Each structure stands twice: as C-alpha cells, then as structure tokens.
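Colleague: Build me a model from this:
(one chain, ligands or ions: 1)
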Amino acid sequence: MDATLQALRGLVPRELQNPRVGIICGSGLSGLAASLRQSVLVSYAELPGFVQSTVPGHKSSLAFGLMGSGAGVPVVAMLGRFHPYEGHKLSSVVYPVRVMAKMGVKNIIITNAAGALNPELTVGTIVVVHDHIALPNLTGMNPLLGPQTDPSLPRFLPLSDAYSRLLRKLVFRAAHDLSIERDALAEGTYAWVSGPTYETAAEGRFLRAAGADVVGMSTVPEVLAAREEGMNVLVLSLVTNAVVIPASYQSVRDEFEAEIAGVSTKTVVEEVVSHEEVLALGRLKGDLMKSLVEKVLDLLPSNTQQ
Ligand SMILES: O=P(O)(O)O[C@@H]1C[C@H](O)[C@@H](CO)O1
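Modeller: Predicted structure coming up:
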C-alpha cells in the first residue's frame, strides 16, 4: 500500500491528491469520467498492487480531476474494474477501493451493467441498488475472509445498512432536478454471481425467486471493502439486457410430436445475451448516467463524512 500511495504522490498533482469521491465505472461506462476537469490519468501499470482489466469496455487507468458544476468536487475514477472471473484474487479486485480510502475518499459511487430479473425493469433503466444477494459471499468467496490485516477495521461487518440512504435519496433528487422521467430510475436488489457465464433460465428464475431485481458479475466485493473502510456507498446498475426467463418451458417433445402429426407449430426462438449488447447499452445510456452522477456530486452535502 505504501508503494502505491508513494507512486500516486509522484504522479498526481498535489491539489488532486485528496479526492472526496471515488467512482467505479462499469462495463461500457468509462465515459462517466469524460467531463472531469484538470484531469490526470494514471495507468494501472504504473501502480504497484494494481492488476490489469482484461474485459472489453474496461480501460486500465485511474482518472483524477474535478467533477460537477462550480468549483467541482475532487474525484478519482476507476476507468475499468477487476472481476474475479478474470482470474484476479478478491484482494486484488478490492485493492483500488482500499487505495481510495487511504487517499481520503469518503463516498464511493459504484456503477455496473446488469441484467434485469424483475420483468418490470426495462432495458436502459438505472437501478438505485438498496440491497444485495451474494451467493459467492454466503458460500466462502468473500473478500473479507482471512486474517485481519488492519485491526482498526471491524471483524464482523454489518451489511444491513450497506447502501447509504442519504446517497440513494440524492439520486432521486438529482433526477428530479434534471427533469429525468420517473420511469428512467428504479430501486432494487442486485444479485452478485461470479460469471463469466450468463445465467441459465433456471438460474434466472432462482435469483428472481430469491428477491433479486438485477444480476451482475461485480460490485459486491467493492461494496464490502468500501463499507469495511467506512465509506458511504452508492450503487447504480444500468439494465443492459433482460435475463431470459421464459414464463413456461416450451416442450420439445410437444413440438416434435406436433411436427410428425403435421400440425404447424410456432418456432421457438431462443434468445441469448452478449457482452456486445451490454456495451452498446452502456454507450447509449452513458450520458444519462454521467449527468446523474454529476448532479449527485453537486448535491452532496459538504460535510458528508458520515
Ligand atoms: O463490470 P460490470 O459489472 O459493469 O460488467 C458486467 C458484468 C460482466 O463483467 C460483463 C458482462 O457483460 O458486464
């Protein structure tokens, strides 16, 4: 950690060395940092302890700068995150969050691309996450497992208040101030899965039945590290696709028997999701996400240490 912080002190101008807000850009959402002023990019390759992002739609740089209107808020944005499915250790996945904490970040805005499990969520909706279901956490893939490296951090971290109510409400105020239509935003529960496979229909039904609204392959490890470090957390999920959960199984036996009986049947088209589709939606809705985040920064109370 000391080596990383020392490298950053050498690479980032002094006035940007104490960012107030950290931002993590999800798949296809690196444009979030496009409006940073006085921006300075630091490649992950220059930072001891950082790995590389290998996923299309993720760069591998930290962006420091000022964001929002007026004087702006000093921020640090991760243009590209790390996922366990890339082969990165969970400790590497959350390392940038710990670095942000050491630099003084008190509020973190984590974005991601996610599939909708809730049939009421349309593609393009931004979901303000208020809770999560993390099967990997419950079954032993938790970034906080292991000896406590810093005894000042809590051993048993409560998560029932993981998603800051104040920050969530600010998103709705921001959307109201920007006259963003009501349906563009929703609230919901994020299910974290390891990926890299997308869900089967049965898995989608299972996660939906468990109470999740959206599903994705990131975010939760970062939330845990950020909460352990005492940060206020806001998570925004962009719905990039609907998880394919047919209402009922279309029997191939019925289809076959109808065919041999000469009865015409409706051909079932099996839909599949692709990462290209996920990235395309990120490009389409990137500006909306950016305006929202900028406005949230404008509205952030100056005493938001909490
Ligand atoms: O980094 P995020 O969670 O935004 O990326 C999502 C999850 C997978 O990495 C990828 C699947 O398309 O997009």
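Colleague: does stretch 239-253 come close to the ligand?
Modeller: No - Stretch 239-253 does not reach the ligand (Cβ under 6 Å from any ligand atom); its nearest approach is 7.2 Å. For every residue, glycine as well, the C-beta is placed using N, CA and C.
Colleague: Now that stretch: buried residues?
Modeller: 239-243, 245 (16 or more other Cβ atoms under 10 Å).
Colleague: among those residues, which are in strands?
Modeller: If you go by DSSP state E, the buried residues of stretch 239-253 have 239-242 in strands.
Colleague: Rounded mean pLDDT for stretch 174-184, please.
Modeller: If you average the pLDDT over stretch 174-184, you get 96.
Colleague: likewise stretch 2-13?
Modeller: So the average pLDDT for stretch 2-13 ends up being 96.
Colleague: Show me what it is in contact with.
Modeller: For stretch 2-13, contacts defined as Cβ atoms under 8 Å, 6 or more residues apart in numbering pick out 17, 38, 40, 42, 46-50, 64, 99, 102-103.
Colleague: same check, this time on stretch 47-60
Modeller: Contacts of stretch 47-60 with the rest of the structure, by Cβ under 8 Å, 6+ apart, involve 1, 3-4, 7-8, 25, 27-28, 30, 43-45, 62, 79-83, 86, 88, 92, 95-96, 99, 275, 278-279, 282.
Colleague: mind running it again at 7 Å?
Modeller: Identification of contacts with stretch 47-60 by Cβ atoms under 7 Å, 6 or more residues apart in numbering yields 1, 3-4, 7, 27-28, 30, 43-44, 79-83, 86, 88, 92, 95-96, 275, 279, 282.
Colleague: Of the ones in strands among the buried residues of stretch 239-253, just say which sits nearest to P221.
Modeller: T240 (20.1 Å; Cβ to Cβ).
Colleague: Next up, the contacts around the closest one.
Modeller: Counting by Cβ under 7 Å, 6+ apart, T240 has contacts 113-114, 123, 277-278, 281-282.
Colleague: In space, what's closest to the residue in the chain that the ligand sits nearest to - neighbours in sequence excluded?
Modeller: Closest residue of the chain to the ligand, Cβ to the nearest ligand atom: G26 (2.9 Å). Leaving aside its sequence neighbours, G26 sits nearest to N112 (Cβ to Cβ, 6 or more residues apart in numbering; 3.7 Å).
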